[in-house]
Structure formats: structure tokens, C-alpha cells
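1. Need a 3D model of the following:
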Amino acid sequence: MQKLLLLEDDIGLIDGLAYSLKKNGFDIEIARTMKEAEELLTLRADFDLLLFDVTLPDGNGFTLCEKLRQSGNSTPLIFLTASDEETSVIRGLDCGGDDYITKPFKLGELCSRIRALLRRSNKEAGENVLRSGNVLVNLAEGRVFLGEEPIEFTGAEYRLLCLFLKNSGRVLTRSMILDKLWDGAGNFVDDNTLSVYVRRLREKLEKNPSKPEHLKTVRGFGYQWKE
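-> Numbers count the residues shown, from 1 in each chain. Here you go, the predicted structure:
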């Protein structure tokens, strides 16, 4: 049974979430403040996924997420936010969150998001292959295949594709991508170069690069790889 930590201070919402998540086969620990969550995370290192509310009595979920990432904790994390404003979403993704869902939300949608993120996390930890539809990356050999055909990629294009596949379904802001993507000389890739790399990926992998089915532009945010 996969263990989740729910950090939420709304008692009414806690009851409904706990009931639904347990019914869907998850083991739930509950914290109502940042302090309680930090104590639980110190005592237990076996949580499979974290669900953090943003606004809390003694701080906010963004701050706690940043502390966890700085300490090396990479447990998948979904923010439960009352705001879908661009600045709030970007802050959540930039501080290390893996996904967000805006209140009020359907419990079925939340459970689907949780399972998708857990699948993605488990795949990264246990395989040397990244796969999405007919795109396959052999991480051990550093090779990319479209169906049965090998596709040639530059080093930067390869790293960008791996970044998208490892975060399939997740919106990556341009700043997040630029922070992680380096060119072969060890220099930061700039914003214009990123646009060129995205166009090249689409030309190599999409049936119609002008109307991409997989590498989507999320206006105002960045990009998203869709299965």
C-alpha cells in the first residue's frame, strides 16, 4: 500500500480526502501545520507521495517544498491550491512541485493525478528506458528510436527530450527547463536557443510539427509532453 502525506488545515476537506484516498487503496498520514509535516517527514522517510496545501496556519507549502528539495528529498509532490493564477502555478513548479490541482477539484481527478505521478516516479527509478507511444530512449546507450528507426540527436536535444519524457504530463516552465539544460561546452542555453531545440524535436518526432500532438506549448507557462 502506497503511503501519502496530506498537509492540509481544512478539517472538512481532510475528512473527505482521507476517506476517498483510503477507499482508493492509499495509506494516509495527515498533518495540519508545517511543523507537524516536518516532524512526520523527519520520523518517516518512506512516503511515496506528498500532497501539500499552499496556505497554512504557520507558513505555506511552497516554503516547505523548497526546504525538502534543498535537503535532497525528491518525493513526488502535488500542490492543492485555491488559485490557478499564473504566478501561483509557476511558483509551485519552480520551487520543486511536480504537479498542482486547483480547488475545488473532483476526487477522481486527484486520484488519477496521484497514480500518474507515482507511475512516472517508479518508472524513472527502475528502468533504463524512457518510452512514450512510439518514442523510445535507451538511457544506457544514449540512443533514441521512433518506432524501429534510430533518430539522430545532438547532446542538448537528447537531454531536452529526456527531460520532457521523465516529466510526461507535467507542465515545465521555460525557466525550469533553462535551469536544467546545458550545452556541450557547459554554458547555459538561452531562451531563443530553447525555442530552436523545441522546434527541432518536433521536426524529428511529430507527424505534423506545426500541429504537435506530443510536445505541446502551454501558453504563458512553457511546454508539456503528452503521452
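2. what's the neighbour count on Arg32?
-> 18 (other Cβ atoms under 10 Å). Backbone N, C-alpha and C define where each C-beta goes, glycine included.
3. For Leu50, give me the pLDDT.
-> What the model reports as pLDDT for Leu50 is 95.
4. So it, which state does it fall into?
-> strand (DSSP: H, G, I helix; E, B strand; the rest coil).
5. and the nearest residue to it once chain neighbours are set aside, how far is that from Arg113?
-> Spatial nearest neighbour of Leu50, excluding adjacent residues (Cβ to Cβ, 6 or more residues apart in numbering): Leu77 at 4.3 Å. Going from Leu77 to Arg113 by Cβ to Cβ, to the nearest Å gives 12 Å.
6. Comparing the two, which shows the higher neighbour count?
-> Shown here are Leu77 and Arg113; by other Cβ under 10 Å, Leu77 has more neighbours (26 against 19).
7. nearest residue to Asn167 other than its sequence neighbours?
-> Per Cβ to Cβ, 6+ apart, closest to Asn167 is Trp225, 6.9 Å.
8. so what's the spatially most central residue of the chain up against?
-> Among the residues of the chain, the one closest to the centroid is Asp98, at 3.0 Å (Cα atoms, centre = their mean). By Cβ atoms under 8 Å, 6 or more residues apart in numbering, Asp98 lies in contact with 76-78, 117, 167, 170.
9. Same question for Gly133.
-> Counting by Cβ under 8 Å, 6+ apart, Gly133 touches 214, 227.
10. residue boundaries of the strands in the chain?
-> Remark: strands assigned in the chain by DSSP state E are 3-7, 27-31, 49-53, 55-56, 59-60, 77-81, 99-102, 129-132, 135-138, 143-146, 149-151, 171-173, 215-218, 222-225.
11. do you know how far the closest residue to Ser83 other than its chain neighbours is from Leu110?
-> Leaving aside its chain neighbours, Ser83 sits nearest to Thr102 (7.2 Å; criterion: Cβ to Cβ, 6+ apart). Distance of Thr102 to Leu110, computed by Cβ to Cβ: 11 Å.
12. okay, the two: which has more neighbours?
-> Leu110 (18 against 14).
13. Okay, the spatially closest residue to Arg199 that is not a sequence neighbour and Glu38: tell me how far apart.
-> Nearest residue to Arg199, sequence neighbours excluded (Cβ to Cβ, 6+ apart): Pro209, at 7.2 Å. Distance, Pro209 to Glu38, by Cβ to Cβ: 47 Å.
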